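Novice: quick one: sequence plus predicted model below, questions after.
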Amino acid sequence: MSTSIEADPDLLWTPRKPSQTQTSLFREHINQTYSLSLKTYEDLYNWSIENRADFWSELWDWEKVIGEKGDYIVDQDKNLPELNPLWFKESKLNWAENQLRYSRSNPNDIAIIQTSESTSDYTPSIKKISQKELNELVGKVQRSLLRDGVKKGDRIGFWGGNVLESVLVLLATSSIGGIFSSAAPDFGLDGVKERLNQIQPKILFVTNAVVYNGVVRPLLPLLPELLKSLKNPPDKIIIINHLPENLCPIPDQLQNNNSNSHHGITINWDNWLDTSISETKFTRLGFNDPIWILFSSGTTGKPKAIVHRQGGMLLDSLREHHLAGDIGRGDIFFYYTTPGWMMFQYLISALATGATIVLYEGSPLKNPSYLFNLIDDLGITIFGTSAKWIEVISKTYPKVKDNHRLSTLKQILSTGSPLPAALFDFIYENVKKDVLVGSITGGTDVCSVFAGRNTCLPVYRGEIQSRMLGFALDTDGPRNHPGELICKQAFPIIPLGFWPLEGYGFPVEEVELAKKRFKESYFKGEEGLWYHGDYVRITPSRFGNSGGILMLGRSDGVLNPGGIRFGPTDIYSVLEGTEYAQLGVEETLVVGLMVDDGADEKVVLFVKMKQDRSLDESLIKKIRTDIRLARSARHVPAKIIQVSDIPVTLTNKRVEVPIRKLINGAPISSINPATLRNPDCLEEYAKLGRKMRQEEGMAV
């Protein structure tokens, strides 16, 4: 490290050989190809923005994408994101073919490791699938889908656990041009119904059960009711006996039901799966053809059905995993996820790098040491999780490095919510010192990462390392000041739109409504820029990183007392440490209460305490004092209130915006309960809102 870097108190980690990272090697390639002298990541980043067509074209070649690129990259006149131009219009490729490309060159490499939490009655064995076996299994699923008449553009649904069959269905669907969509087992009937009714899948795959917290949670008893509630049920339902049938038998309603009027034929996976041995075939598609439909959390309305393009998903995942992350053959990649979260696609897409991916079903926290044991047992090199999980571990299992070797671990990735500076400290002090901590941000909207880990750059405390190549990210305010995250140029992972798209047989009014909702979701006014919905600050450039990113919260959850704007993270970061955990603080939520007829707002902090602790006056005083000292007097909450629970989404994200609306008078019915893990607590917030509005002389 140079003296200037060593002197930076925020510096936590530096790469050992930055010049040998993929990003640095790519920069040298660009220098040679275009006779340039780009010296830093910042130089390369600026070049990728100023020469976006060349960048994405060079990336295709660098990553050795299988397919025909063609000469056309993008219409340079359609620069604004709202114009959403077509990319690589002459290209032909297949996402699944690229995911399986190592099955030919390295057939004996392990492609997938499947593992699961145990129950009192069942201890699953670890399953390892080679590249060759994966390719053959995908071929069997592919031929079964074709036999059932699945064609390009048909939707294929999956509901269940993070298991091998979920990957096979995704790959096989993509291989023939179908559109994949999945729902997590914890969505509940209403959540699954909302999704399936929008996409109307031709075939639905369901695992018979999942395991969570050491308990078998059957899905099949819920299936008859789900199918009855669908406007257009699937032609076939394929049941995957992921867990032994004696633990979750098939209900009578699903047996011998070929004539059932409520839904199509129900078939067991083993009986449905083709048994022949034949070469897996791949339909080469357009870069802009749809590959999957992901859904927003939908806390305040029907979940948005976001359609992604297959070429964009392939090219940018290679940029993310290989170019920015140096993942490749020999790496073992784990990300805790379910098939209802975009991190499922994020994990699976690493197959194209030659890495081994790990599928895990179960609770990440029933035994806090479990996933760390998994790192040691499997030799995991890239470990992905959520900021919330790291926070809980810091409180419940603080001495990680004393109990685990973690010798193979190179990167810890975190997403789902901002990773506070204190949790960076926790990892480096209590988990592992020589590890890249990559806080990443992007989301379901782009099914990728806008800013995140970068193996050629240092890690600074509390910061996302860098903006990713090819994305013209900025804020809507002055540089180095908080503002809404925007993207100023069109990019190839802008969604095609919301489902339904034109040309798939849906009523014109539904298609037009989807178009209108898509525009309203991401593009404000007449500017034509992409507004991502995050409130951030881009820091000054250090060590040529072009500036890191500090996540301050969702832009529509920004607090504004007395005209001073700041994000909820400013409050959370003060309270999310071991000190407050020891004082009994379990979780917090901060929102704004409108006062003075909406002309101003007061900051309200809700605090959930551990069962045996209460929020007394001394703790309230300490909270106020610590926030004032760490931030400012303007940041100090006007009200600090103990609550029984903090509402979170199914992926454990706090929901500031719906609660803000609720305490300001919106009805509980404005919040979609199917999107929350704990909707029963909403009534408490509605009552508190009425009380606070009364105290402020506001309309109740």
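Specialist: Structure received.
Novice: what about stretch 388-399, distance to the chain center?
Specialist: 21 Å (CA atoms, centre = their mean, to the nearest Å).
Novice: I meant stretch 176-193, not that one.
Specialist: 15 Å.
Novice: pLDDT on it, on average?
Specialist: For stretch 176-193, mean pLDDT rounds to 90.
Novice: show the end-to-end separation of that stretch, please.
Specialist: Its start and end residues considered, stretch 176-193 measures 26 Å (CA to CA, to the nearest Å).
Novice: and that stretch, which residues are buried?
Specialist: 176-185, 187-188, 191-193 (16 or more other CB atoms under 10 Å). Where C-beta positions appear, they are placed from N, C-alpha and C, glycine not excepted.
Novice: can you pull out the strands in the stretch 101-250 of the chain?
Specialist: Using DSSP state E, counting those that start in this stretch, the strands of the stretch 101-250 of the chain run over residues 110-116, 127-130, 155-159, 179-183, 203-207, 209-212, 215-218, 236-240.
Novice: state the mean pLDDT of the longest helix belonging to the chain.
Specialist: Of all the segments of type helix in the chain, defined by DSSP state H, the longest one is helix 131-147. Helix 131-147 shows a mean pLDDT of 98.
Novice: so which elements touch it?
Specialist: For helix 131-147, the packing partners by 3 or more CB pairs under 8 Å, 6 or more residues apart in numbering; DSSP states H and E come out as helix 102-105, strand 110-116, helix 164-175.
Novice: for the helix or strand containing Thr625, buried residues please.
Specialist: Element membership for Thr625, per DSSP states H and E: helix 617-630. For helix 617-630, a neighbour-count test (16+ other CB under 10 Å) marks Leu619, Ile620, Ile623, Arg624, Asp626, Ile627 as buried.
Novice: output the host helix or strand of Glu587 as PDB, nothing but the C-alphas.
Specialist: Using DSSP H and E, Glu587 falls within strand 585-595. C-alpha atoms of strand 585-595 as PDB (Å, rounded to 0.1, in the frame of the first residue of the first chain):
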ATOM      1  CA  VAL A 585     -32.700  -2.800  21.200                       C
ATOM      2  CA  GLU A 586     -33.700  -5.400  18.600                       C
ATOM      3  CA  GLU A 587     -34.900  -3.400  15.600                       C
ATOM      4  CA  THR A 588     -35.800   0.100  14.700                       C
ATOM      5  CA  LEU A 589     -37.800   2.000  12.000                       C
ATOM      6  CA  VAL A 590     -37.700   5.700  11.300                       C
ATOM      7  CA  VAL A 591     -40.300   7.600   9.300                       C
ATOM      8  CA  GLY A 592     -41.700  11.100   9.000                       C
ATOM      9  CA  LEU A 593     -45.000  12.400  10.500                       C
ATOM     10  CA  MET A 594     -46.500  15.200   8.600                       C
ATOM     11  CA  VAL A 595     -47.400  18.300  10.700                       C
END
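Novice: right, and the helix or strand after it?
Specialist: strand 600-609.
Novice: partners of that following strand in the sheet?
Specialist: strand 585-595 (antiparallel), strand 639-643 (parallel) (DSSP bridges).
Novice: of all those, which lies closest to Met313?
Specialist: Across those, Met313 has its closest neighbour in strand 585-595 (33.6 Å, CB to CB).
Novice: need the contact list for Arg453.
Specialist: Ala324, Gly325, Gln411, Leu413, Leu436, Gly438, Ser439, Ile440, Gln465 (CB atoms under 8 Å, 6 or more residues apart in numbering).
Novice: just the pLDDT for the fifth one.
Specialist: Meaning Leu436. Each residue has a pLDDT score; the one for Leu436 is 98.
Novice: what does the first one give?
Specialist: The per-residue pLDDT reported for Ala324 equals 98.
Novice: equivalent analysis for the last one, please.
Specialist: Per-residue confidence for Gln465 comes out at a pLDDT of 98.
Novice: touching, Ile66 and Leu93? I think so.
Specialist: Yes. Contact between Ile66 and Leu93 holds when scored by CB atoms under 8 Å: they sit 6.6 Å apart.
Novice: and these two? Which one has more around it.
Specialist: Ranked by neighbour count (other CB atoms under 10 Å), Ile66 and Leu93 place Leu93 first, with 23 against 15.
Novice: ramachandran angles for that one?
Specialist: Dihedral angles of Leu93 (phi, psi; degrees, to the nearest 10) stand at phi -160, psi 170.
Novice: show me what Ile113 bridges to in the sheet.
Specialist: Taking DSSP bridges as the rule, Ile113 bridges to Lys128, Val358.
Novice: picking that back up, list of residues touching the helix holding Thr625?
Specialist: Defining contact as CB under 8 Å, 6+ apart, one finds that helix 617-630 is touched by 571, 573-575, 583-585, 605, 607, 635-637, 640.
Novice: may I ask which two of those are separated the most?
Specialist: Spanning the widest gap among the contacts of helix 617-630 are Gly584 and His635, at 22.2 Å by CB to CB.
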